[in-house]
Every structure is written in C-alpha cells, then in structure tokens.
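Trainee: from the sequence below, what's the structure:
(one chain, ligands or ions: 1)
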Amino acid sequence: MSELQVLISREQIAHRVTEMAAQITRDFAGQAVIFVGVLKGAAIFLSDLARQVPLDSTFDFIGVCSYGQQAAAATPNGGWDSTGEVRLTKDVEHSMAGKNVLLVEDILDTGLTLTYIKKILLNHQPRSLRVVALLDKPSRRQKPMQADYVGFTIPDKFVVGYGMDYAERFRNLPDICILPNPVLSSEK
Ligand code: IMP
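Mentor: Purely as a prediction, here's the structure:
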C-alpha cells in the first residue's frame, strides 16, 4: 500500500474532528442528540466524533447502496460512478420523531445518497436534522446538497481510508489517501 499518497493525515483528521465535535456540542447544548451513521464508510468517523460530544446521545445506522454499483466496477472509471439510483439496505431501528438527528456521512459527493436518506429521515418528523460530512467534493455535485458541518473540502479525487473503501478494501487506513488511477485499473 506504499503507493498511496496521503491527502489528509491522521493528525489533521483528529484535530478537525475535535473542532467539529466542539461545534456540535455548542449548537446542541443542553439537548439530546441521535447520531445516525451511514454504513459502512461513516463508522470510524462517527465513533471518533461521538466520543467527543459530551451530550445525552444515542446511535443508529442506516445502510444504502447504489443500483448499478457492481456493474460500474467493471467500467473505466473503476466503479466510482453508479447509475445514480439509491436503494435502502438497512433502515434505522429507532423512531426519529421529535429527536435532534445528526446524520453522519463519510463523504458528500454527487449528493444523491444524502438527498435520498434525508427524505427518509424527514418522514420521521425529527425535531431537527443536520448533516455532518467528514469530506465534501462540491465539484461532483449532481443534486443541490450542503452539509451543516464539513470536515474538509477536497478536490475531485477518489479517496480511501478512515472508513472509506475501494471494493471494501482500505477502510482500516488511519490516514485519508488518494487512490491513484493505476491502482484502480490494475485491480479491475
Ligand atoms: P454521493 O451519493 O455521490 O454523494 O456519494 C456518497 C457515497 O459515495 C459515499 O458515502 C461513499 O460511499 C461513496 N464515495 C464517493 N466518493 C468516494 C471516494 O472518493 N472514496 C470512497 N467512497 C466514495
């Protein structure tokens, strides 16, 4: 894995996650929150973030996948793009009604996933719904979507590590790294 270039180091991530947690703690002072993580990529981010938010908190998780994702893996872009249709694979387990929901996502890219998930969660009639995205790639947006809390804005590169994967690999890397095209092509 020596070919991977570090885009955001573990120290930078830790520093920014602490800042985001402090902001959330201030914004919801005296209130309870529910962290809803988007599986699987947000699991590590959620665990680091939530442990630094000293509020009355609970966790839930939601799972989605994109139609055509597997077919796209055989295409020249290495499976990055999907057909754009999102499907629910795991619903939340608790009612979000009247709760302060913090929807935690690893990366906001086209905006399709969060548009879909926000719609589902808003149907629960939460008291508030805010999006917390570790990374934002605004240049790839297809749907108008903005996160309320953004860790880092990054260029149009495919990244892995700190929970994010390519074909389920690299999630355990402690840094966020750029996966170069040669790796994408050689592993297809
Ligand atoms: P969106 O629906 O296009 O905004 O995509 C959001 C999801 O696409 C993320 O939760 C990731 O699962 C995946 N994704 C987008 N860009 C990357 C990347 O650079 N690395 C890993 N996964 C990514």
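Trainee: CA atoms for contacts and neighbours, from now on please.
Mentor: OK.
Trainee: ok, now how distant is the closest residue to Arg10 other than its chain neighbours from the ligand?
Mentor: Leaving aside its sequence neighbours, Arg10 sits nearest to Asp175 (C-alpha to C-alpha, 6 or more residues apart in numbering; 4.8 Å). Asp175 is 13 Å from the ligand, where distance means C-alpha to the nearest ligand atom, to the nearest Å.
Trainee: show me where the chain has its strands.
Mentor: 5-8, 32-39, 56-66, 86-90, 100-108, 128-136, 149-153, 159-160, 176-178 (DSSP state E).
Trainee: close to the ligand, is the third one?
Mentor: Read that as strand 56-66. No - against the ligand, strand 56-66 shows no contacts by C-alpha under 6 Å from any ligand atom, the least distance being 8.0 Å.
Trainee: quick one: list the elements packing against that strand.
Mentor: Here strand 56-66 touches strand 32-39, strand 86-90, going by 3 or more C-alpha pairs under 8 Å, 6 or more residues apart in numbering; DSSP states H and E.
Trainee: got the contact list for the longest helix belonging to the chain?
Mentor: In terms of residue count, the longest helix belonging to the chain (DSSP state H) is helix 10-27. With contacts defined as C-alpha atoms under 8 Å, 6 or more residues apart in numbering, helix 10-27 is touched by 48-50, 52-55, 149-151, 174-176.
Trainee: what mean pLDDT does it have?
Mentor: Helix 10-27 shows an average pLDDT of 98 in the prediction.
Trainee: do stretch 105-115 as well
Mentor: Mean predicted confidence for stretch 105-115 is 96.
Trainee: mind listing what's buried along it?
Mentor: Across stretch 105-115, burial judged by 16 or more other C-alpha atoms under 10 Å covers 105-114.
Trainee: repeat that for stretch 145-161.
Mentor: Of the residues in stretch 145-161, 145-147, 149-152, 154, 158-161 count as buried by neighbour count, 16+ other C-alpha under 10 Å.
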